[in-house]
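> Sequence and predicted structure are below.
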Amino acid sequence: MTKKVYTPLHGSMTVSGDKSISHRAAMLGSIALGTTEIDGFLPGADCLSTIGCFRAMGIEINRDGTHVTVTGRGLHGLRKPDQILDCGNSGTTTRLISGILSAQAFDTVLTGDASIRKRPMGRIIRPLTEMGADIRSEHGDGCAPLKIHGQPLRGIRYDSPVASAQVKSAILLAGLYADSDTTVTEPYLSRDHTERMLNEFGASCAVRACKDGERPEITVSPASELHAARISVPGDLSSAAFFIAGALLVPGSDLLIKNVGINPTRSGILDILMAMGANLEILPENTNSAEPTASIRIRSSALHGTEIGGSLIPRSIDELPVIAAVAAAAEGTTVIRDAGELKVKESNRIRVMTEGLRKMGADVTETGEGMIIRGGKPLTGASIDSHKDHRIAMTFSILSLIADGPVTISDPDCVNISAPSFYEDLKKVTAV
Ligand code: S3P
């Protein structure tokens, strides 16, 4: 048997802009008054879908690489689009824009690709309807296409059954147009980029500090207008996650990733990997931004299993596929629980990860709301179905670096959804 030759990850790099923050900057810029300048915008397909929707509603948005200028027309400045709005593969576009469209003085229809048309929209239809919105699933299956007939909205208090920033944000954005305050509570605090950015655009949005075990409570007040802002989008920790995993797993790696967003509602992956024994150095950077950033130095590490559940799940939801992959290569057992939300992402990520990891020789059991991964088995080459899910394609690309044989991945270009430069970046940091 020939010995595997590893290509360590080394040097320093940046990753492309944060997807969640890029969406929100384009959206809030469109409904603010004045010119919003965005630096570090993610030119991924999902964020381009958001830009496309607002352009279709008469907003001038100019993009030069990662610099975007949005000429906002105010809360009531959107125009009725001539066409159905196409949200592509983007759940964030579909759900957040629905909150805004529910309050407009015109009708819209929203749709997207085959994956988006299977994802649950009842979770936003219910609270928005409570606010007085007229929003329906065209086929009555709780999925897109969604027909929205704009209405005056009322403020509500909504106890969300899921810790979902998309649900919370749809309600908060609708709340800007409501007749009184709107409050959302959730089981655990999901990413809070909307809350932070609403305040940057001059709205009033507050998160009530809560003690352990209490539901976080977020309140937005109706706004008369938002004002334009300058937004600097940090690197996406969810994209950095693949390089962090690669550098931990490939022996001899020493990688520095600069300007990565480390918002505490997103940084669960760092806590999880450190609990697994990862050698990570988090070097906070000094910026004036509403979103904290850091450089992260990663050195290859001997990892062991861990338990992941509760509030860690929303804090690491998009990273759980690559965390499962790391767990397969670590010694000992990792249990992921409370992660039922993974089933309703771009693919059923519990099923797709279990299948893919098993194909590579890992010992993985799918549970109702998670996975049990008994790590440490040698990983072999395999042919992996990405299900056109960007994070699955990137996860298995990283595992190919330590697999004992070639890994082929279907529809590898789906990485363009969130990380168009992924393969190029990987090539650079593994170049000898
Ligand atoms: C996102 C929220 C998360 C995440 C998605 C982006 C956002 O979804 O998985 O990639 O930008 O608000 P949920 O809110 O549905 O958990």
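On my side now, so go ahead.
> Could you use CA atoms for every contact and neighbour count after this?
Will do.
> Please work out how many residues are found near the closest residue to D404 other than its chain neighbours.
Using Cα to Cα, 6 or more residues apart in numbering and skipping the chain neighbours, the partner closest in space to D404 is T380 (4.6 Å). Residues within reach of T380, counting by other Cα atoms under 10 Å, total 19.
> Pull the residues that contact stretch 340-350.
For stretch 340-350, contacts defined as Cα atoms under 8 Å, 6 or more residues apart in numbering pick out 89, 115-116, 119-120, 317, 321, 351, 366, 368-371, 387-389, 392.
> Kindly recompute the last result at 10 Å.
Residues from elsewhere that reach stretch 340-350 (Cα atoms under 10 Å, 6 or more residues apart in numbering): 89-91, 114-116, 118-120, 162-164, 313-314, 317-318, 320-321, 324, 336, 339, 351-353, 355, 365-371, 386-392.
> residues from the chain in reach of the ligand?
Residues of the chain lying close to the ligand (Cα under 6 Å from any ligand atom) are 20, 92, 164-166, 317-318.
> ok, now with 8 Å
19-21, 23-24, 91-92, 96, 163-169, 190-191, 193, 314, 317-318, 341, 345 (Cα under 8 Å from any ligand atom).
> Inside helices: which ones of those residues?
19-21, 23-24, 91-92, 96, 165-169, 193 (DSSP state H).
> Report the contact partners of the residue nearest to D404.
In this structure, T380 makes contact with 357-362, 399-400, 402-407, judged by Cα under 10 Å, 6+ apart.
> Filter the residues you listed down to just the ones in helices.
357-359, 399.
> Going by neighbour count, which of those comes out on top?
For the ones in helices among the contacts of T380, neighbours were counted using other Cα under 10 Å, and L399 has the most, 26 neighbours in all.
> need the contact list for that residue.
By Cα under 10 Å, 6+ apart, L399 lies in contact with 242, 245-246, 249-250, 322, 325-326, 328-329, 357, 360, 379-381, 407.
> Just the pLDDT for it.
On the pLDDT scale, L399 is placed at 98.
> could you dump stretch 121-139 to PDB, C-alpha only?
As requested, the backbone C-alpha atoms of stretch 121-139 are provided in PDB (Å, rounded to 0.1, in the frame of the first residue of the first chain):
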ATOM      1  CA  MET A 121     -42.400  28.600   4.000                       C
ATOM      2  CA  GLY A 122     -45.300  27.900   6.500                       C
ATOM      3  CA  ARG A 123     -42.900  29.100   9.200                       C
ATOM      4  CA  ILE A 124     -43.000  32.700   7.700                       C
ATOM      5  CA  ILE A 125     -46.600  32.500   6.300                       C
ATOM      6  CA  ARG A 126     -48.000  31.900   9.800                       C
ATOM      7  CA  PRO A 127     -46.500  34.900  11.700                       C
ATOM      8  CA  LEU A 128     -46.800  37.200   8.700                       C
ATOM      9  CA  THR A 129     -50.500  36.300   8.400                       C
ATOM     10  CA  GLU A 130     -50.900  37.100  12.100                       C
ATOM     11  CA  MET A 131     -49.500  40.500  11.300                       C
ATOM     12  CA  GLY A 132     -52.300  41.000   8.800                       C
ATOM     13  CA  ALA A 133     -50.400  39.900   5.700                       C
ATOM     14  CA  ASP A 134     -52.000  38.200   2.800                       C
ATOM     15  CA  ILE A 135     -49.300  35.700   1.800                       C
ATOM     16  CA  ARG A 136     -50.200  32.300   0.300                       C
ATOM     17  CA  SER A 137     -48.400  29.300  -1.000                       C
ATOM     18  CA  GLU A 138     -49.600  29.100  -4.600                       C
ATOM     19  CA  HIS A 139     -49.900  25.300  -4.600                       C
END
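> which outside residues touch the host helix or strand of G72?
Assigned by DSSP states H and E, G72 falls within strand 67-73. With Cα under 10 Å, 6+ apart as the contact definition, strand 67-73 has outside contacts at 22, 25-43, 51, 54-55, 58-63, 78-79, 225-233.
> Okay, and which of those residues map to helices?
Those of the contacts of strand 67-73 lying in helices (DSSP H): 22, 25-31, 51, 54-55.
> Burial check on the closest residue to the ligand within the stretch 301-432 of the chain, number of neighbours?
Closest approach between the stretch 301-432 of the chain and the ligand, counting by Cα to the nearest ligand atom: D318, at 5.2 Å. Burial measure for D318: 20 neighbouring residues, criterion other Cα under 10 Å.
> Enumerate every residue touching it.
For D318, the contacting residues are 237-239, 241, 266, 269, 342, 345, 349, 391, by Cα under 10 Å, 6+ apart.
> which secondary structure elements does the least confident helix or strand in the chain by mean pLDDT contact?
Least confident helix or strand of the chain, by mean pLDDT, DSSP states H and E, is strand 205-208 with a mean of 94. Secondary-structure packing of strand 205-208 (3 or more Cα pairs under 10 Å, 6 or more residues apart in numbering; DSSP states H and E): strand 182-185, helix 193-200, strand 217-220.
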